[in-house]
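S.K.: sequence? don't have it. structure:
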């Protein structure tokens, strides 16, 4: 239970990487204050928390400041409500993130609101941020990610590359370089 009550409710099965379970909560969308949507990894043998990734960046972390002044403090979510995908060979976990809270009114969260409505790539062993791709900046339409990232090999101009394919509620498919997050076919 966090500062403002509620629990760490997990809607999708954990992602398994070696001897760890990686979990992301489904945090709900009822106001600014509440449980954080932090992704956490636990040792399967001891139950000990190994790492935590803040889904609302805090001071000193990559992409801090995308929720406005002090917008990271006591912020509910974003969380994830669908399965994560693990690339064992490259040691990455891909997390499809939900939307920020207050879906139809974003005044309390000026900015792009990272990592809401994003696919986030983390080092599966350490939780270190690798890259993200946000499909909806400052989401007020509930256009977050509704499916797990899928693996693919893509041929682009005769070059084969590892990719993830991310579906969205908007009906778009985003083809992203699995190792860098760069769009493979461009994005308007």
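M.R.: Thanks, I have the structure now. Worth saying up front: this structure is predicted, and the values here are computed from it rather than measured. Residues are numbered from 1 along each chain as shown.

S.K.: SS state for residue 51?
M.R.: strand (DSSP: H, G, I helix; E, B strand; the rest coil).

S.K.: ok, for it, nearest residue in space, not its chain neighbours?
M.R.: residue 127 (3.3 Å; Cβ to Cβ, 6 or more residues apart in numbering). C-betas here are computed from N, CA, C, even on glycine.

S.K.: Check the gap between the spatially most central residue of the chain and residue 178 for me.
M.R.: Centroid-nearest residue in the chain: residue 97, 3.7 Å away (criterion: Cα atoms, centre = their mean). For residue 97, the distance to residue 178 equals 17 Å [Cβ to Cβ, to the nearest Å].

S.K.: Check which strands are paired with the longest strand seen in the chain and give the direction for each one.
M.R.: Across the chain, the longest stretch assigned as strand under DSSP state E is strand 159-167. Using DSSP bridges, strand 159-167 pairs in its sheet with strand 150-156 (antiparallel), strand 173-177 (antiparallel).

S.K.: mind checking how far it is from the chain centre?
M.R.: Taking the mean of its C-alpha atoms, strand 159-167 sits 18 Å from the chain's own mean (Cα atoms, centre = their mean, to the nearest Å).

S.K.: if we can go back for a sec, these two touch, right, the residue nearest to residue 51 and residue 52?
M.R.: Yes. Using Cβ atoms under 8 Å, residue 127 is in contact with residue 52, at 6.6 Å.

S.K.: between those two, which one's more packed in?
M.R.: residue 127 (19 against 12; other Cβ atoms under 10 Å).

S.K.: What strand or helix carries the closest residue to residue 67 other than its chain neighbours?
M.R.: Nearest residue to residue 67 in three dimensions, chain neighbours excluded: residue 109, at 5.1 Å (Cβ to Cβ, 6+ apart). Counting by DSSP states H and E, no helix or strand carries residue 109.

S.K.: Local confidence estimate at residue 109?
M.R.: Looking at residue 109, its pLDDT stands at 84.

S.K.: Neighbours of it, how many?
M.R.: Other residues close to residue 109 by other Cβ under 10 Å number 22.

S.K.: separation between it and residue 148?
M.R.: For residue 109 relative to residue 148 (Cβ to Cβ), the value is 26 Å.

S.K.: Tell me which stretches of this protein form helices.
M.R.: Taking DSSP state H, the chain contains no helices at all.

S.K.: what residues does stretch 154-164 touch?
M.R.: 85, 87, 90, 94, 119, 149-153, 175-179, 184-185 (Cβ atoms under 8 Å, 6 or more residues apart in numbering).

S.K.: what bridges to residue 43?
M.R.: Applying DSSP bridges, one finds that residue 43 bridges with residue 20.

S.K.: Now do the same contact list for it.
M.R.: 19, 20, 50.

S.K.: what sits against the second one?
M.R.: The contact partners of residue 20, taken as Cβ under 8 Å, 6+ apart, are 41, 42, 43, 44, 50, 124, 125.

S.K.: now do 7 Å
M.R.: 41, 42, 43, 44, 50 (Cβ atoms under 7 Å, 6 or more residues apart in numbering).
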